[in-house]
Structure formats: C-alpha cells, structure tokens
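Enquirer: Provided below are the primary sequence and the corresponding predicted coordinates.
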Amino acid sequence: MPKYILVCGGVISGIGKGVIASSTGLLLKTTGLKVTSIKIDPYMNIDAGTMAPTEHGEVYVLNDGGEVDLDLGNYERYLDVTLSKEHNLTTGKVYQRVIEKERRGDYLGKTVQIIPHLTNEVQDWIERVSKLPVDETDEEPDVCIIELGGTVGDIESAPFIEAMRQFQFRVGHENFAVLHVSLIPVVGGEQKTKPTQATVRDLRGLGLFPDLIACRCEKELERSTMDKVSMFCHVSPAQVMGVHNVQSTYHVPLLLQDQGLVTYLQTRLNLSSIDVGDRGRARGQSLMTRWKQLTSGHDRLFETVSIVLVGKYTSMQDSYMSVVKALEHASMRVGRKLTIQWVESSHLEPEAQHEDPVKYHDAWKALCSAGGILVPGGFGVRGTEGMIVAVKWAREHKVPFLGICLGMQVAVIEWARNVCGMADANSSELDPNTTHPAVIFMPEISKTHLGGTMRLGLRPTIFQPSTENAKIRRLYGGEETVWERHRHRYEVNPELVERFEQGDGKSTGGLKFIGRDESGQRMQILEMDDHPYFVALQAHPEFCSRPLNPSPPFLGFLAAAAGQSILAEHLQRNEKEYRPPHPESSKTLRSPVEAADPDVEAKIAADVARANGRE
C-alpha cells in the first residue's frame, strides 16, 4: 500500500499549497522513493478545459489530453513524472461517476447519498489512481501526495474532507499523514497566529489532525511564533515549519529539508520499511545533487536577459504559468537572470493610441527594447492584431521570436499579409469571411461542444527531409520525430502552404514548415532560415519543460536572446545531450475525437474551397 500525505490549506487560498506539495514530493523522491500526486478540485466543472484563463489561471494539458488544474504542472515539473487526467479529481467528475452508477442500478435500489456513496467513490478513486505508474521505472509509486484545493471550511470541500477523514482509517495511521498549510499575517510588525489557530481548530473539528503545519509568511518565521503555533495547535515544535518568501520557488524544497520535513515523515510513516534498492538511492542522490546545483547556480546569476511576453490574458499572469516556468528553466540553463515584461497585445494596436496613449507608448517601448519576443496561445479575436504587429516587429528587426499555438497562427497570418501579398489574410476563427483563410478549423473537432473537444494531448511531429541544420531540430538532438502536447482547434491551411513557403518569390530564405504531423497535412513547426531565431510551434512545448531538462524551443529562444554565441553553444550541447521528457509508453498515436457537430466536414470543405477558389 502506498503512503498517503494529504496537503490542505486554511485562512485563504492561493498561499502555495501546490509548491509545498510538490516540494514535499521532490524531497521524498531524493531518498529514492517513487512519488505520485493527485489534485482534488472542489468545483462542479468536469475539468478545467472550459474555464477562462482570467478566471482560474492556466489550463494545463497532459499527455492523455486531460485539461487539468495548473497545480498538476507543478507536480510534473518538480517530480519529473507523467500524470493522467485521472490524477485530477473534481466535484463534477465524482458526481458524474456516482450518477452513472445510479442510472445503471449499481447501488441495487438503495438511496444514494453523500455518505457513504460519494465519499466511498472519492476514496476508491484515490486508492486506484495512487497505484498508477508515473515515472521511468513503470512501477507502482511508494508515496502519493494528495492536494485538496480551496480552504478548510469551504462548503464545497466538505465531502472531500469527510472522505479523507474516513480514508485515514481505511489505510491505517501508519500510512496517512496530514500537512496543513496556513497563513501567518503580519499586522503592525507582529506575526499573528490566531488565523492559524482557528483553521487548525476547524480541521480538527472535521476529524483530521495535522501532523505538520507549514506556516506561510512574508519574512522568516520567528522562533516565538513557531512556539506559539506549537502550543495552541497541539503539535510539537518539530511539526511547525516556516515557509517564507524566498528568491525562487526552487528554494522551497531545501527550505523544508533544513527544517527536518523528511526526517519527520520517515518516522511518522515508517518510510524506512520501503526498500528503494541501490538504483533508487542512486537516483535520489543524483536528483538532490542536481537540484542543489540548480538553486545555487540561480543565486549566482547576474547577467540578465529581457523577454517581452505579448499576450491576451496578462491581467492574470497565472494564465501563462507554464510559459513562465519554461522561460525560467531555459534562463537557468543559459546562465542568465530572467526579466519578463508583460505586454497586453491589444495595447499595441492602433486604436489603443487614441483610447489610452500611455499604455500604447509603454507597450511599444517594451517591444522595441526586447531581447526576445514571445507570443503565447489564446482564443478569440481580442488582441490578435496586436500580436500580429509584434510578430512583424520581431521578423523585420531580427529580434529572437517564439510563437506558441495562436502565436504560430498569427506568425503565418503576418507573413501572408506582409510578404505574400494577401492583404486581408486571417484565421477563419477570427474572420469567417476572410478571402484568404491562412488558418482554418480542424476537421476532427466539434464547433458546438467546448469541453474536451480540441486537438488535445501528446502528438508526434516529424521533421521534413533536409532539415538537419534547422536550429529547432538541432535543439531536439537531431531527432526525426519529437512529441509535444497540443491544445487547439485551428491550424494552418494546408492548401496555402506552398504559397507561404514561396513568400514574395524574391527572397533566398524565408518561412519553412519544417515539422508536420504523421499525415503530412498539419503544419506543426515553422522556422525562418534567414533570422537569428524565429521559431513557432502549433503545440505547447511549455507543458513538457522541466527545471533540470528545459524545453528545446524555449532553450533556443533564451539562448538567442542572450546572444548568438550562447545559442551556438547550446545548439551543440543539445545535439549531444537532449533527453526526451516522455516515457516511450506515452508515444502512441491517438484516434481523432468524434465530431459532435454533423456539419463539421461540410464547414471544413467550405473553408478549403473558399481558399482554393480565391487564390
């Protein structure tokens, strides 16, 4: 049976439970243990796929196409594991499962209730998913970290708290521990413990007793504050840990280690009874060594690299959580301190000059001084013209550029308009009546159903012949086929690819679609061969970046922004050292999603016919 550690929080949400849960898992992994994670989200949505980024933050995509909470990204990055959609349990999922069973008659005519039917379903789910292999060993995990979203006392969390209260008896005291994350506010210069006392009292009243209390605070927790939490929360001082703001989140595991977290859990859960073997111990020691080198190297960075992120959801920066993390991973590898300037794409558009001239000029000032320009994914019309002018600036002024998903699509639109002479070129998503649909709707997806209906999950990209010298292929170690995660509904119009690659017919170099899907019809990677670094992907490579294994497109982008000599160094290094982040078992072709809209094929045919008829 795996050992279970429940991570829950009190006082307020958003205080770092995900980072603390991930850091705990990382520390246990450094001892040689195999670790997995489950996130419980107490909202009614089936998954995070239909939530606006400005409402809930980033939608993180898994290999199996699961659209999940951004905390699963923390788990994958810190633990270097590959999770599934089953590792994200929502209220919507568990109610759906119970109702399906009731409709089938599985409950044999009994009255279906929250207790025991819903709570049993939660426990069964956790017990089943906790045993799924998630790393390169392909073996059952030794430890499962369960993070409960929200805060203790929320009405929507109540069934899950009760399920966990019951679960501790199902698995036994020696196999279940609780880590409670609380906030220590500072008022008038004094660290206050009353909110923590109150949330621990609520937790105990619900039948869960914290084994560890992680106190989040701005500055280092004072000894007197820790003693006070210990006294009034009925735990020993060794069970109280301070987690203050540090230089980067990559320091949190070492902060917890210094306070004895691993030592306590080894005793509390009898972890020494698990035989990790010599190979496990060696993996753990290597991980700890590399993690310490990562954090100490980060502390010694002085030279900076400035990146401008031109996006649609910059008002909530968590919307681009994985993009930021991928930039961080790459910047640490190239030895530069990362500076990100956030530019709302709509502020670059001509209309903004009249509506808000200050924001317009600030946006353009940032763009003109950028060491590199990144245009990430997004949906809808708003701000896309601003993205297009940002791409144009990067292309014409030879500024390193990286486009992701929508970023690739607007790069193609910009090229079509300003190089190929298609003045009104656009995406059929943004302008259904455009005479030059450079980007069209995908044939396998529904227009009427939003949840889980995009091109999702891990997909292969095959580099075209004679692309051995392409920068992006060299960054992928010269591999012929690479695998990245996708989340999109629209793609480059295959009927116009030849026209795009011809450009204006005068240039010796230009835009090339060097990576395509297995059918050769979907354009998935483009590169400009007469540019310091101009790369765009239809996929989302940020979802596969790891602190110790940066995403190749981001690594090339940051290296180019740091200087061409730095890029040359990392091109050579990755040709020898690139390591794919995915287990071989994940690399399977996935069947298309069955379209729910009966008119989809007709709509696609109309898009393509319009393109052909007007060219």
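Expert: On my side now, so go ahead. As the structure is a computational prediction, the values presented were derived from the model and not from experiment.

Enquirer: Okay, domains of the chain per the record?
Expert: Split into domains by automatic domain parsing, the chain comes to 3-292, 302-609.

Enquirer: Give the ranges of residues in this structure that sit below the confidence cut-off.
Expert: 443-453, 507-509, 589-615 (pLDDT under 70).

Enquirer: And the spatially most distant residue from the centre of the chain, how far from residue 99?
Expert: In the chain, the residue that sits farthest from the middle, by Cα atoms, centre = their mean, is residue 109; the gap is 42.7 Å. Using Cβ to Cβ, to the nearest Å, residue 109 is found at 15 Å from residue 99. Backbone N, C-alpha and C define where each C-beta goes, glycine included.

Enquirer: Residue 467 now?
Expert: Counting by Cβ to Cβ, the gap from residue 467 to residue 99 is 51 Å.

Enquirer: In this structure residue 90 contacts residue 45, no?
Expert: Yes - between residue 90 and residue 45 there is a contact at 6.0 Å, judged by Cβ atoms under 8 Å.

Enquirer: Which one's more surrounded, the two?
Expert: Neighbour count, other Cβ atoms under 10 Å: between residue 90 and residue 45, residue 90 has more, with 21 against 16.

Enquirer: what ranges do the helices span in the stretch 151-300 of the chain?
Expert: Taking DSSP state H, counting those that start in this stretch as the test, the helices found in the stretch 151-300 of the chain are 158-171, 194-205, 223-232, 252-258, 261-268, 277-299.

Enquirer: Go ahead and measure how far the first one is from the middle of the chain.
Expert: Distance of helix 158-171 from its chain centroid, counting by Cα atoms, centre = their mean, to the nearest Å, is 29 Å.

Enquirer: Over to the last one?
Expert: Averaging C-alpha coordinates over helix 277-299 and over its chain gives two centres that are 23 Å apart (Cα atoms, centre = their mean).

Enquirer: which of the residues in stretch 194-207 are buried?
Expert: Of the residues in stretch 194-207, 196, 197, 198, 199, 200, 203, 206 count as buried by neighbour count, 16 or more other Cβ atoms under 10 Å.

Enquirer: Closest one to residue 75 out of those residues, please.
Expert: Nearest to residue 75 among the buried residues of stretch 194-207: residue 203, at 22.9 Å, using Cβ to Cβ.

Enquirer: Look up the closest residue to residue 502, ignoring the ones flanking it.
Expert: residue 420 (7.6 Å; Cβ to Cβ, 6 or more residues apart in numbering).

Enquirer: Provide the backbone phi and psi angles at the one you found.
Expert: Backbone torsions of residue 420, given as degrees, to the nearest 10, read phi -90, psi 0.

Enquirer: which stretches of the stretch 51-200 of the chain form strands?
Expert: Remark: strands assigned in the stretch 51-200 of the chain by DSSP state E, counting those that start in this stretch are 60-61, 67-68, 88-90, 143-148, 176-183, 186-187, 190-191.

Enquirer: Could you look over those and pick the most buried one?
Expert: Most buried of the strands of the stretch 51-200 of the chain by mean neighbour count (mean count of other Cβ atoms under 10 Å) is strand 60-61; its value is a mean of 28.

Enquirer: Counting by contacts, list what that strand packs against.
Expert: Strand 60-61 sits against strand 67-68, strand 481-488, with contacts defined as 3 or more Cβ pairs under 8 Å, 6 or more residues apart in numbering; DSSP states H and E.

Enquirer: Need the contact partners of the last one.
Expert: What that stands for is strand 481-488. 59, 61-63, 67, 377, 405-406, 442, 454-463, 476, 515, 537-541, 543-544, 580, 582, 586-587 (Cβ atoms under 8 Å, 6 or more residues apart in numbering).

Enquirer: try it again with 7 Å
Expert: Strand 481-488 is contacted from outside by 61, 63, 405, 454-462, 476, 537-541, 543-544, 582, 587, using Cβ atoms under 7 Å, 6 or more residues apart in numbering.

Enquirer: Which parts of the stretch 1-150 of the chain are helices?
Expert: 17-29, 53-56, 71-79, 91-104, 119-129.

Enquirer: So which of the strands of the stretch 51-200 of the chain is nearest residue 230?
Expert: Comparing the strands of the stretch 51-200 of the chain under Cβ to Cβ, the one sitting nearest is strand 176-183, at 13.0 Å.

Enquirer: And that closest one, how far out from the chain middle?
Expert: Put simply, strand 176-183 sits 24 Å off its chain's centre (Cα atoms, centre = their mean).

Enquirer: can I assume the residue nearest to residue 502 is in contact with residue 501?
Expert: No - checked against Cβ atoms under 7 Å, the pair residue 420 and residue 501 is beyond contact range at 9.7 Å.

Enquirer: Between these two, which has more neighbouring residues?
Expert: residue 420 (22 against 14).

Enquirer: Return the residues in contact with that one.
Expert: 499, 500, 503, 504.

Enquirer: what's the spacing between the first one and residue 403?
Expert: I take that to be residue 499. Residue 499 is 19 Å from residue 403, by Cβ to Cβ.

Enquirer: So which of those two has more stuff around it?
Expert: More neighbours surround residue 403 than the other of residue 499 and residue 403, with 29 against 18 (other Cβ under 10 Å).

Enquirer: So the more buried one is in contact with residue 534, correct?
Expert: No - at 8.6 Å, residue 403 and residue 534 do not qualify as touching, with contact defined as Cβ under 7 Å.

Enquirer: elements contacting the strand or helix carrying residue 570?
Expert: Following DSSP states H and E, one finds residue 570 within helix 564-577. Other elements packing on helix 564-577 under the criterion 3 or more Cβ pairs under 7 Å, 6 or more residues apart in numbering; DSSP states H and E are helix 471-475, helix 552-562.

Enquirer: Can you list the buried residues in that helix?
Expert: Neighbour counts over helix 564-577 (16+ other Cβ under 10 Å) mark 566, 567, 570, 571, 573, 574 as buried.

Enquirer: In this structure the first one contacts residue 556, no?
Expert: No - in this structure residue 566 lies outside contact range of residue 556 using Cβ under 7 Å: 10.1 Å.

Enquirer: excluding its backbone neighbours, what's nearest residue 517?
Expert: residue 524 (5.9 Å).

Enquirer: Correct me if wrong, but that neighbour is in a helix.
Expert: No - with DSSP: H, G, I helix; E, B strand; the rest coil as the criterion, residue 524 is assigned strand and is not in a helix.

Enquirer: Could I get the contacting residues of residue 391?
Expert: Residue 391 neighbours (Cβ under 7 Å, 6+ apart): 375, 401, 403, 410, 411, 414.

Enquirer: got the residues you listed as TSV, with distance to residue 159 columns?
Expert: Converted to TSV, the contacts of residue 391 look like this (distance: Cβ to Cβ, whole Å):
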residue	distance to residue 159
375	42
401	48
403	43
410	44
411	47
414	50
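
Enquirer: Out of those residues, name the ones that lie in helices.
Expert: In helices, defined here by DSSP state H, the members of the contacts of residue 391 are 410, 411, 414.
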